[in-house]
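Trainee: heads up, no residue letters with this:
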């Protein structure tokens, strides 16, 4: 079974600084997708960014970017210019058919 | 376009009772996923339905069950409720396949007393 590991239960960052959240996964598949979801205090899950495994280029969405290392099965999320509204739980997810999530990292952006 | 809708928003049950949670996917989506999120914790995979069939289930006892209807909506049933079943239950839907984003509902907060 596929597993997703987020080794950082909690992180904090000063407003306007950069933070990186780590994620590793385990799979024997070659074709799959990876996602980062954000869950703010409202509890609504929101997609932040997605990465296709067959693409070598790292995905970028405005202040959010990933470092995808397929051989190492690593998929980290970098948040640049952190904003107070980035405070949330962040979940890494893996999908090759069904979708599995990591345990989450609680990120706090401090003013 | 309507998003994923879950009902009820909140549900309070007594230990030993049964709970039924409902989910309506986004129009056109055939896959429905159920997750349990205990307070402050991550998402635990419960069930995946696609095209009316159960495709996979997580490491939960058989008293957690569900079904998907011809219109792709889904029910999650929890029998013989235990206090530890208190959690936020999230439903997500997507198109079939690994390369599609899952869209989440707002969740059902189940409290077992």
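Mentor: All right, it came through fine. Being a predicted model, the structure only gives us computed values, none of them experimental.
Trainee: can you pull the contacts of residue B:19?
Mentor: Counting by Cβ atoms under 8 Å, 6 or more residues apart in numbering or on different chains, residue B:19 touches B:11, B:13, B:77, B:78, B:81, B:85, B:110. For glycine as for every other residue, the C-beta is placed from the backbone atoms N, C-alpha and C.
Trainee: How far off centre is stretch A:59-70?
Mentor: In terms of Cα atoms, centre = their mean, to the nearest Å, the centre of stretch A:59-70 is found 9 Å from the chain centre.
Trainee: List the buried residues of it.
Mentor: A:59, A:64, A:65, A:66, A:67, A:68 (16 or more other Cβ atoms under 10 Å in any protein chain shown).
Trainee: now these in a markdown table, with distance to residue B:106?
Mentor: Formatted as a markdown table, the buried residues of stretch A:59-70 follow (distance: Cβ to Cβ, whole Å):
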| residue | distance to residue B:106 |
| --- | --- |
| A:59 | 27 |
| A:64 | 23 |
| A:65 | 28 |
| A:66 | 27 |
| A:67 | 31 |
| A:68 | 30 |
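Trainee: So of those, which two are at opposite extremes in space?
Mentor: Distance extremes for the buried residues of stretch A:59-70: the farthest pair is A:64 and A:68 at 13.0 Å, using Cβ to Cβ.
Trainee: what residue lies at the spatial centre of chain A?
Mentor: residue A:36 (3.6 Å; Cα atoms, centre = their mean).
Trainee: from what I can see that one touches residue A:66, true?
Mentor: Yes - at 7.1 Å, residue A:36 counts as touching residue A:66 under the criterion of Cβ atoms under 8 Å.
Trainee: Report the set of residues contacting both of those two.
Mentor: Common contacts of residue A:36 and residue A:66, defined by Cβ under 8 Å, 6+ apart, comprise A:49, A:75, A:77.
Trainee: Show me the one in the residues you listed that has more neighbours than the rest.
Mentor: Comparing these by number of neighbours (other Cβ atoms under 10 Å in any protein chain shown), residue A:75 comes first, having 28 neighbours.
Trainee: Would you confirm that it belongs to a helix?
Mentor: No - counting by DSSP: H, G, I helix; E, B strand; the rest coil, residue A:75 is not part of a helix but strand.
Trainee: And it, how far from residue B:80?
Mentor: Going from residue A:75 to residue B:80 by Cβ to Cβ, to the nearest Å gives 38 Å.
Trainee: Near chain A, which residues of chain B are found?
Mentor: B:33, B:35, B:41-43, B:45, B:48, B:55-56, B:88, B:90, B:92, B:94, B:97-102, B:104, B:106-107 (Cβ under 8 Å from any Cβ of the partner chain).
Trainee: mind running it again at 6 Å?
Mentor: Neighbours of chain A within chain B, by Cβ under 6 Å from any Cβ of the partner chain: B:42, B:43, B:45, B:48, B:56, B:98, B:99, B:101, B:102, B:104, B:107.
Trainee: List only buried entries from the residues you listed.
Mentor: Using 16+ other Cβ under 10 Å, the buried members of the residues of chain B next to chain A are B:42, B:43, B:45, B:48, B:98, B:101, B:102, B:104, B:107.
Trainee: Identify the residue nearest residue B:32 in space, chain neighbours excluded?
Mentor: Spatial nearest neighbour of residue B:32, excluding adjacent residues (Cβ to Cβ, 6 or more residues apart in numbering or on different chains): residue B:74 at 4.3 Å.
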